[in-house]
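Chemist: all I have is the shape, not the residue letters:
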């Protein structure tokens, strides 16, 4: 889940069991289908699709699966998904934004409202917490083998127009202004770096710390249930020190 390291988010999804991984494939598949509908099936001319293919591959989605999703989404009788955002509060006022890809607004909204209500939160109206977040481009370059030189990666990123750079365990996190994301990504690829993830993230301006064991339990369960929902593609929150 977002709200902590983007790299931890990727690793968390990679480490899921086979049954859970199937859900990850489903979620990415919906995002790919929406990108194909919006910008066509050619990743050369559709940068959003290109980034989602990269994301799918980083999560070990087989190439055959990706090709089938693109082909199916290109058909006239394919299911149409729309992107929806839902906002609300978890226990002790933790701000939560849920991004979903759905073919049924009523089903998705009902499910998400149920999760909030069940675990000590409440779903609010559009805009109730989004002002607490700002959009930021984030690019992840994996370095699990430790073969990359941090100084060279940082230099390439900053020269390409990145606004920030951080080295984490096994990866480098590069931040950009949203409008600069494509330019920075393309420059890094041209420099020979393999991108694991390239997305617009929502970054909280402040964080909420939970001290009550009950609040921690309920917030963890809220995030787990949102993560398990097939319609939910991403969750952003401002829970500090979250390790879910």
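Modeler: Arrived safely. If you're wondering where the values come from, they're calculated on a predicted model, not measured in any experiment.
Chemist: report the contact partners of residue 135.
Modeler: Contact partners of residue 135, counting by C-beta atoms under 8 Å, 6 or more residues apart in numbering, are 178, 200-203. Placement of C-beta: from N, CA and C, glycine included.
Chemist: out of the residues you listed, which is most surrounded?
Modeler: With neighbours set by other C-beta atoms under 10 Å, the maximum within those is found at residue 202, which has 22 neighbours.
Chemist: confidence score at that one?
Modeler: pLDDT recorded at residue 202 is 95.
Chemist: tell me what the helix or strand hosting it is packed against?
Modeler: Assigned by DSSP states H and E, residue 202 falls within strand 197-204. Judged by 3 or more C-beta pairs under 8 Å, 6 or more residues apart in numbering; DSSP states H and E, the packing partners of strand 197-204 are helix 6-14, helix 47-58, strand 133-142, helix 181-190, strand 232-237.
Chemist: list the neighbouring strands of it plus their orientation.
Modeler: Each strand that strand 197-204 pairs with, and the sense of that pairing, follows from DSSP bridges: strand 133-142 (antiparallel).
Chemist: the partner strand vs strand 232-237, what angle?
Modeler: Angle between the axes of strand 133-142 and strand 232-237 is 110 degrees (criterion: axes from the mean of the first three to the mean of the last three C-alpha atoms, to 10 degrees).
Chemist: and the next element down the chain from strand 133-142?
Modeler: Criterion used, DSSP H and E; the element after strand 133-142 is helix 150-160.
Chemist: okay, buried residues for that next one please.
Modeler: Buried residues in helix 150-160, counting neighbours by 16 or more other C-beta atoms under 10 Å, are found at 153-154, 156-157, 160.
Chemist: could you pull up the mean pLDDT of it?
Modeler: Helix 150-160 comes out with an average pLDDT of 97.
Chemist: just checking, next helix/strand downstream of it?
Modeler: The C-terminal neighbour of helix 150-160 among helices and strands, as given by DSSP H and E, is strand 164-168.
Chemist: quick check: domain ranges of this protein?
Modeler: For the chain, the structural domains run 6-74, 82-131+205-237, 134-203, going by automatic domain parsing.
Chemist: residue 105: which of the helices and strands packed on strand 197-204 is closest?
Modeler: Between residue 105 and the helices and strands packed on strand 197-204, the tightest spacing by C-beta to C-beta is seen for strand 232-237, at 13.6 Å.
Chemist: what angle do the longest helix seen in the chain and strand 197-204 make?
Modeler: For the chain, the helix that runs over the most residues, judged by DSSP state H, is helix 18-39. With the same axes, to 10 degrees as the basis, helix 18-39 and strand 197-204 are set at 90 degrees to each other.
Chemist: which strands and helices lie in contact with helix 18-39?
Modeler: With contacts defined as 3+ C-beta pairs under 8 Å, 6+ apart, the packing partners of helix 18-39 are helix 47-58, helix 63-74, strand 95-102, strand 232-237.
Chemist: where are the low-confidence patches of this structure?
Modeler: Residue ranges of the chain with pLDDT under 70: 1-20, 241-244.
Chemist: kindly recompute the last result at 50.
Modeler: Counting by pLDDT under 50, the chain contains low-confidence residues at 1-4.
Chemist: just want the most central residue of it.
Modeler: Residue closest to the average C-alpha location in the chain (C-alpha atoms, centre = their mean): residue 234, at 4.8 Å.
Chemist: of the contacts of residue 135, closest to residue 148?
Modeler: Taking C-beta to C-beta as the measure, residue 201 is the one of those closest to residue 148, at 21.9 Å.
Chemist: report the angle between the axes of the strand holding residue 202 and helix 47-58?
Modeler: Here strand 197-204 runs at an angle of 100 degrees relative to helix 47-58 (the same axes, to 10 degrees).
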